[in-house]
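> sequence first, then the predicted structure, then my questions.
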Amino acid sequence: MEFERGHLFHIYNQGNNRQKLFFNHENYLFFLRKVRIHILPYTDIIAWCLMPNHFHFMVLVRDTTVGVASSDADGSRKQLASNDTDGNCRQRSLNDSIGIMLRSYTNAINKQENRSGKLFREKTKAECLTCQDCITPSFYNTKSGTQIHIEHPEFQYPQICFDYIHDNPMVAGLVKKVTDWEFSSAMDYAGLRDGKLINKLVANEYVEF
């Protein structure tokens with residue numbers, strides 16, 4: 001999927017062969033720090049959830065490319081606004097930045113777990129929630145395969161995706177309430193935590209919470 005500026009996207013991936021991605025509490029926090037470095041410069045994050053073997057992000061794309069310092073090998077040192085002029089910077093796409101993030105996280109986990117090989121599935125999925133010509137319904141399939149049919153998908157998909165992301169831990173039986181799961185934005189929207197990763201002002205333009 002090619003990202004388009006000004007549109008909402010549901011970004012998700014899972015462990016290769018459904019394997020575990022997060023082995024301890026610090027792994028979740030480490031991944032979120034990488035999200036700040038590699039995804040936040042391009043987007044406003046509307047919702048997110050990290051599950052033991054997969055992740056979900058709902059984002060509004062502000063820029064599809066940003067400037068990074070030419071000496072920056074992994075995106076961790078410095079990222080510039082897309083309109084900054086710096087003779088020592090080069091442009092990096094959101095697609096590339098996500099790939100760098102996942103490879104960097106994989107390297108760290110492989111070292112931690114004394115393992116090798118791929119951690120994530122080959123392709124990270126990115127489904128547009130507001131592009132009328134390419135909206136897909138896969139993110140709200142139920143376990144039985146039943147799909148919800150809605151009349152105005154470009155307006156209703158964002159809310160369905162927002163709720164779906166937050167419901168994941170409860171549906172999986174990990175918690176009894178969505179706000180009991182630490183590693184999602186549900187706690188922030190419920191006022192139980194003042195998380196800085198999401199942008200509630202932008203979210204309010206697209207969803208109800």
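On my side now, so go ahead. What you see is a predicted model; the values in this text were computed from it and never measured.
> residue 22 touches residue 54, doesn't it?
No - in this structure residue 22 lies outside contact range of residue 54 using C-beta atoms under 8 Å: 9.9 Å. C-beta coordinates here come from the backbone N, C-alpha and C atoms, glycine included.
> helices of this structure, start to end?
Ranges of helices in the chain, per DSSP state H, are 25-38, 94-113, 153-171, 186-189, 200-203.
> list the buried residues of the first one.
When you say that, I think you mean helix 25-38. Of the residues in helix 25-38, 27, 28, 30, 31, 34, 35, 37, 38 count as buried by neighbour count, 16 or more other C-beta atoms under 10 Å.
> now the residues you listed as a markdown table including distance to residue 69 and pLDDT?
A markdown table is the format used below for the buried residues of helix 25-38 (distance: C-beta to C-beta, whole Å; pLDDT from 0 to 100):
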| residue | distance to residue 69 | pLDDT |
| --- | --- | --- |
| 27 | 27 | 98 |
| 28 | 28 | 98 |
| 30 | 22 | 98 |
| 31 | 23 | 98 |
| 34 | 17 | 98 |
| 35 | 20 | 98 |
| 37 | 13 | 97 |
| 38 | 14 | 97 |
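> now the residues you listed in JSON lines, with distance to residue 122?
JSON lines is the format used below for the buried residues of helix 25-38 (distance: C-beta to C-beta, whole Å):
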{"residue": "27", "distance to residue 122": "21"}
{"residue": "28", "distance to residue 122": "23"}
{"residue": "30", "distance to residue 122": "22"}
{"residue": "31", "distance to residue 122": "19"}
{"residue": "34", "distance to residue 122": "19"}
{"residue": "35", "distance to residue 122": "20"}
{"residue": "37", "distance to residue 122": "22"}
{"residue": "38", "distance to residue 122": "18"}
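> quick one on the thing from earlier: in CSV, list the helices of the chain along with distance to residue 12.
As requested, the helices of the chain are exported to CSV (distance: least, C-beta to C-beta, whole Å):
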stretch, distance to residue 12
helix 25-38, 13
helix 94-113, 11
helix 153-171, 9
helix 186-189, 16
helix 200-203, 18
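> any idea how far residue 121 is from residue 12?
Noted for residue 12: a distance of 10 Å to residue 121, by C-beta to C-beta, to the nearest Å.
> so which of those two has more stuff around it?
residue 12 (21 against 17; other C-beta atoms under 10 Å).
> who touches that one in this structure?
54, 55, 56, 57, 124, 125, 139 (C-beta atoms under 8 Å, 6 or more residues apart in numbering).
> shaky segments in this protein?
For the chain, applying pLDDT under 70 flags the ranges 1, 70-88, 133-155.
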